[in-house]
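Colleague: Got a predicted structure here, sequence first:
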Amino acid sequence: MLINLSNHPLTNWSDLQIKTANDLYGKVVDIAFPEIPPDADEYLIEELANDYKDICLETLSNYPNENNAVHIMGELTFCFSLITALKKNGIVCVASTTDRNTVESDGIKYSEFKFVNFRGY
């Protein structure tokens with residue numbers, strides 16, 4: 001099973017990303033990424049990371065599978081703290097990689113991201 005802990009729920013993923021996730025992990029479950037206050041200190045980040053570590057471990061315990069992982073993308077200090085905690089518990093953590101295509105029109109840049117693969121942290 002793959003836990004998707006990001007600001008991009010499964011319903012917004014491309015067909016390729018969903019197929020790749022299902023092929024690799026069998027099932028995808030969304031856990032909403034927390035709102036991280038910009039003025040949060042390291043202690044709050046550690047608390048949030050510990051809470052989400054527990055949520056992830058509990059969720060994964062319901063799906064025993066050697067291919068379990070957590071897809072985590074978002075606020076960097078929280079991700080670093082959570083990834084560190086999950087890896088200490090033997091949990092694989094992955095990021096999604098993309099190709100970015102930027103187009104400029106009337107002085108405004110638009111970016112389109114195309115999923116490529118999952119990469120381990």
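Modeller: Great, that's in hand.
Colleague: Beta-bridge partners for the residue lying closest to residue 73 once chain neighbours are set aside, please?
Modeller: Computed as Cβ to Cβ, 6 or more residues apart in numbering, the closest residue to residue 73 that is not its neighbour in sequence is residue 6, at 4.2 Å. All C-beta atoms are positioned from the backbone trio N, CA, C, and that covers glycine. As for beta bridges, residue 6 partners with residue 32 under DSSP bridges.
Colleague: What residues does residue 6 make contact with?
Modeller: With contacts taken as Cβ atoms under 8 Å, 6 or more residues apart in numbering, residue 6 has the following neighbours: 33, 71-74, 96.
Colleague: Buried ones among those?
Modeller: 33, 71-72, 96 (16 or more other Cβ atoms under 10 Å).
Colleague: what would those look like in TSV with distance to residue 88 and pLDDT?
Modeller: TSV is the format used below for the buried ones among the contacts of residue 6 (distance: Cβ to Cβ, whole Å; pLDDT from 0 to 100):
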residue	distance to residue 88	pLDDT
33	21	97
71	18	98
72	15	98
96	23	97
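Colleague: would you list these in a markdown table and tack on secondary structure and distance to residue 116?
Modeller: Converted to a markdown table, the buried ones among the contacts of residue 6 look like this (DSSP: H, G, I helix; E, B strand; the rest coil; distance: Cβ to Cβ, whole Å):
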| residue | secondary structure | distance to residue 116 |
| --- | --- | --- |
| 33 | coil | 21 |
| 71 | strand | 14 |
| 72 | strand | 17 |
| 96 | strand | 8 |
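Colleague: Tell me the secondary structure at residue 45.
Modeller: For residue 45, the assignment made with DSSP: H, G, I helix; E, B strand; the rest coil gives helix.
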